[in-house]
Structures are given as structure tokens and as C-alpha cells.
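**Q** Structure, please.
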Amino acid sequence: KSSSSAELAVRGIAELVKAHQQLYQASKQSFVDGLKGILNVTGSVIDGVVGVGRGFLDLTRHVTGSDVSFKGLAKSALDYEQCLKRIEVKSGETGVKMQELDDTIQNIALNTTYSTSEIAAAAENMIQNGQNVTEVIDNLYAVTALATLGNIDLAKSGDIVATTMNMFRNQSLTATQAANMFAYAANHSGANVEQLAKSLENCGPSAARLNVPFSELMAVLGAVGDNAIKSGKAGTALKNLLQNMSAPTKNTAKCIKELGLEQAQTAITSGHLIDGLMLIKERLNDGTLSAAQQNAAIKALAGAWGSQGLGAVLNGSEVELRAMAKAMEDGKDSTEALELASGKLMDTLEGKMYKFSASMEVLAIRIERAFQGTFINLIDHVNEFVGILINKGPAEAIKWVAQESALHMKDMENAVVKGLENIKRLVSDG
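**A** As a prediction, the model looks like this:
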């Protein structure tokens, strides 16, 4: 005859009590001593488990920066919902697309070192930069991967990618392409992602106007970075060169004419940056100019502030420069490198802590949503009570409480009954 789990549990407990009674009768003292020993050992084990648990949560908080306490997770869930609501308002999007964005954010959080709130903030930043929700969904992984590889703030990564896409919109640059080329340049040069982005702020608009391929520009910025010339200084060198070639000053025009750099000028102003730079290099190194004349020419082309940066590019290897630009162009659409690097970072103990933290955040979000209607109803009632208390006084507030209690008494009774039924079902089903 089959028995329910609850019946089996009761029968098992009864047998255990009977066995304890027999043992007790057989040897009272040894039984009591045994129980004390078991109690001591069990207490130590429980204390140890609780200590490890607390220690793990504390370590996770220090490593990931996430508060995985109940209070911390609740706040994280509420912050996330508020950010999603702001995105909905700013984008004008609702329904299916917002649900898709929500799913995308949670999936990314489970596989990167960033929290749901941080990813949502990056998405909001991308919306503010002119992308719609569909574009954000398509671009969000690339933004997160670049932030992970570049070890930069996620919102900053979103700003870098969105700004780059806007700047080079005539080249139809995608988020994946921008992120890939930033990552490649940073991994193969002396400049990091943030320094490259700073350089791009200075020279990017001029390069985009001349339709310089983004891969060529990033390769040149990487070459400048290899010579310890980074950030604004690197960008200034290229900005000055591009501006002086497209709208020469009197000094630059004289230099171009005297050295016969018209072909280089045409190449650069036509968007062929590396070709133009190599023509300049060829002329300066043809053996007819002294070192002083070479330096004067570089200063005339890139300005006093930019001459060091241009000199670094011209003194570098043409083969390496072209190979770097080609590698970036050939691999711009593949996410393999980004995924591989992110996967390696997440496979460490620290990465697994981030995954645990993200899992707890996602769980908190889903719990918050399950009880959201109840929470809102409760807060509405509290706010109404406080409003009556302030505006009408304590007597009216107490009267209102009495009325509400009478009104919802049946609901509370039903809730208690339902709760007991759920507990009973949980026990019965094991």
C-alpha cells in the first residue's frame, strides 16, 4: 500500500523515538553522554557552516561590490525596476521590446562581472545617445564585453561605443565592430581603452569628416600609444595633421610645396591615412634632409604639440601598422575574441563570485515582481494613513484604520487559510 510523504515522515519519526527509548533503557548514562557528544559536534558543524556562509557573503561583497544581504538585494531590485521605467519613458517603448531588453540585461548580468543595475544604466546611457531599444538590445553585449576587457565603468563603455558609432555613422559602424577594434588596439599597443577613447575625442571628428576608415585610425592611435604618447596628446597629433592637410596654414602649405608632399596630402584628405603617412615617411627618410629639417617638417605638419606623436608614427614599422589595421578590419564583425576573453575572466574564482552575486540579484528581481502588487497596495495604504494623519488628525486616522480593517478582514482570513494550505502541501510533497 502506497503512503504519502507526510505519513512516511511520521512513521519514520515514531520508529526513531522507539529506537532512542530502547537505547536509553539499555544504557542511560552512555546514551546521555552520546547525545551530548553528538550535540557538541553538530553545534560545531552548524557554527562552522554559518561562519563560512557569512564569510563567503562578506568576501563576495568586498570582491564584487554587491550587497547580497536581503536589504541590499531588495534595494538592487527596486533600483533596477526604476531604471527600466526611465528607459521606457525616454525611449517611448513598451511591451514586448521592453521585456526583451529586460531578458537581455539579466542574461548578460549572469555571464559578466556587472550587476543588473549597472547594465541597465549603460542601456539608459545608450538611449540618451540616440539609440532605440532594438539597437540597445543588439549592442549591449559588445558594450559590456568592452567594459570587461578594458576594466572601465560600464556606463563609460556605453558612452564610448555610442559616441564612436555616432561619429563614424557614415561608415555604418556597429557596436560590435567598435568594441572589437577598441579591444584589439588596446591589447596590441601601449594605450588602454580609456586612453584610446580620449585620443578619439580629439582626432575622431576630423578623421570621420575625411572618411578615414576606423580600423586605420585605431591602428595609428595604437602605434602612437606604443611610444608612450597617449590620451589627449596622441589625439592632438592626428587632429593637427588632418586639419593641416585639409586646410593648410601658411607654414604647412609652404612645407607641403617645398617637400613635394602633394600626393601625401591628397591621400590623407581622401581618407587613406596610412598611405599618406607612409608617403610622408618616405620623403623625410630619402636621405636629402637633415635631422633638423625633418623635425621642422614634422612640426609644420602636426604643430609643436603634435610633432612628437606624428614622429612616433613615422618612426614605426609600416608592416606592423598595416598588419594591425588589416587584422582589425578582418575581425571587426566577430565576437569570438570578446567572448573568449570574457569567458576566461568569468572562469576564475572571482568571476564565479560575480556570477553568484548576479544570480542573487536576478532572483531578487523575480521575487520583487511576484509580490509587487502586494507591496504597492501596502505602501498605498500606508501613504493614505499618513496623509489622513497629517491632514485630518489622529482621530480620523484611527477611524480610517478601523474601517479598512473591517473591509479587508475576509481577505486577511483567506490569506491565512491559503498560507496554511501551502505549508501543508509543501510538507506532503516533501
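**Q** quick one, phi psi at Asn211?
**A** Here is the backbone geometry of Asn211 (degrees, to the nearest 10): phi 60, psi 40.
**Q** Quick one: residues contacting it.
**A** Residues in contact with Asn211 (Cβ atoms under 8 Å, 6 or more residues apart in numbering) are Asn170, Gln171, Gly271. Where you see a C-beta, it was placed from the backbone N, CA and C, and this is true even at glycine.
**Q** what does His188 give?
**A** Gly222, Met324, Ala327.
**Q** since we're on the residue lying closest to the second one once chain neighbours are set aside, how many residues are nearby?
**A** What that stands for is Met324. Leaving out its chain neighbours, the residue that sits closest to Met324 by Cβ to Cβ, 6 or more residues apart in numbering is Ala219, at 4.2 Å. Using other Cβ atoms under 10 Å, the number of residues around Ala219 comes to 29.
**Q** Please, which helix or strand holds Ala219?
**A** helix 214-225 (DSSP states H and E).
**Q** Same check on Ile398?
**A** Going by DSSP H and E, Ile398 is in helix 394-428.
**Q** With Asn295 instead?
**A** helix 291-314.
**Q** For that helix, buried residues please.
**A** The neighbour-count check on helix 291-314 (16 or more other Cβ atoms under 10 Å) flags 294, 297-303, 306-314 as buried.
**Q** which strands and helices sit next to the helix or strand Ser117 falls within?
**A** Using DSSP H and E, Ser117 sits in helix 116-128. Where contact means 3 or more Cβ pairs under 8 Å, 6 or more residues apart in numbering; DSSP states H and E, helix 116-128 is packed against helix 70-91, helix 96-109, helix 133-150, helix 154-167, helix 349-370.
**Q** State the mean pLDDT of that helix.
**A** Across helix 116-128, pLDDT averages out at 86.
**Q** still on that earlier bit, just the angle between the helix or strand just after the helix holding Asn295 and helix 291-314, please?
**A** Using DSSP H and E, the helix or strand that follows helix 291-314 towards the C-terminus is helix 318-330. Put simply, helix 318-330 runs at 30 degrees to helix 291-314, going by axes from the mean of the first three to the mean of the last three Cα atoms, to 10 degrees.
**Q** ok so, going back, kindly give a single ChimeraX line that selects the buried subset of the contacts of Asn211.
**A** Here is the ChimeraX command that picks out the buried ones among the contacts of Asn211, judged by 16+ other Cβ under 10 Å:
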select :171,271
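**Q** now, which of the contacts of Asn211 lie within strands?
**A** Among the contacts of Asn211, no member is found in strands (DSSP state E).
**Q** now the contacts of Asn211 as JSON lines including pLDDT and distance to Ala162?
**A** Listed next are the contacts of Asn211 as JSON lines, based on pLDDT from 0 to 100; distance: Cβ to Cβ, whole Å:
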{"residue": "Asn170", "pLDDT": "88", "distance to Ala162": "16"}
{"residue": "Gln171", "pLDDT": "88", "distance to Ala162": "15"}
{"residue": "Gly271", "pLDDT": "91", "distance to Ala162": "23"}
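**Q** What is the nearest of the contacts of Asn211 to Ser76?
**A** Among those, Gln171 lies closest to Ser76 (Cβ to Cβ), at 38.5 Å.
**Q** Who's the closest spatial neighbour of that closest one, skipping the chain neighbours?
**A** Per Cβ to Cβ, 6+ apart, closest to Gln171 is Phe214, 6.1 Å.
**Q** How many neighbouring residues does the one you found have?
**A** 25.
**Q** ok, it touching Phe182?
**A** No. Counting by Cβ atoms under 8 Å, Phe214 stays clear of Phe182, with 9.6 Å between them.
**Q** list the residues that contact both of those two?
**A** Taking Cβ under 8 Å, 6+ apart as the contact rule, Phe214 and Phe182 both touch Thr164.
**Q** Quick one: mean pLDDT over the helix or strand following the helix holding Ala219.
**A** Using DSSP H and E, the helix or strand that follows helix 214-225 towards the C-terminus is helix 231-246. Averaging pLDDT along helix 231-246 gives 79.
**Q** And for helix 231-246, what's in contact with it?
**A** Outside helix 231-246, the residues that touch it by Cβ under 8 Å, 6+ apart are 191, 195, 198-204, 206-207, 209-210, 212, 217, 220-221, 224-225, 229, 252, 264-265, 268-269, 276, 300-303, 305-310, 313.
**Q** ok, 7 Å please
**A** 195, 198-203, 206-207, 210, 220-221, 224-225, 252, 265, 268-269, 301-303, 305-306, 309-310 (Cβ atoms under 7 Å, 6 or more residues apart in numbering).
**Q** Nearest residue to Ile388 in space, please, no chain neighbours.
**A** Nearest non-adjacent residue to Ile388, counting by Cβ to Cβ, 6+ apart: Ala397, 4.6 Å away.
**Q** model confidence over stretch 206-216, on average?
**A** Computed over stretch 206-216, the mean pLDDT rounds to 91.
**Q** Check the offset of that stretch from the chain's centre.
**A** With Cα atoms, centre = their mean, to the nearest Å as the basis, stretch 206-216 stands 28 Å off its chain's centre.
**Q** how long is that stretch from one end to the other?
**A** Using Cα to Cα, to the nearest Å, the end-to-end distance of stretch 206-216 comes out at 14 Å.
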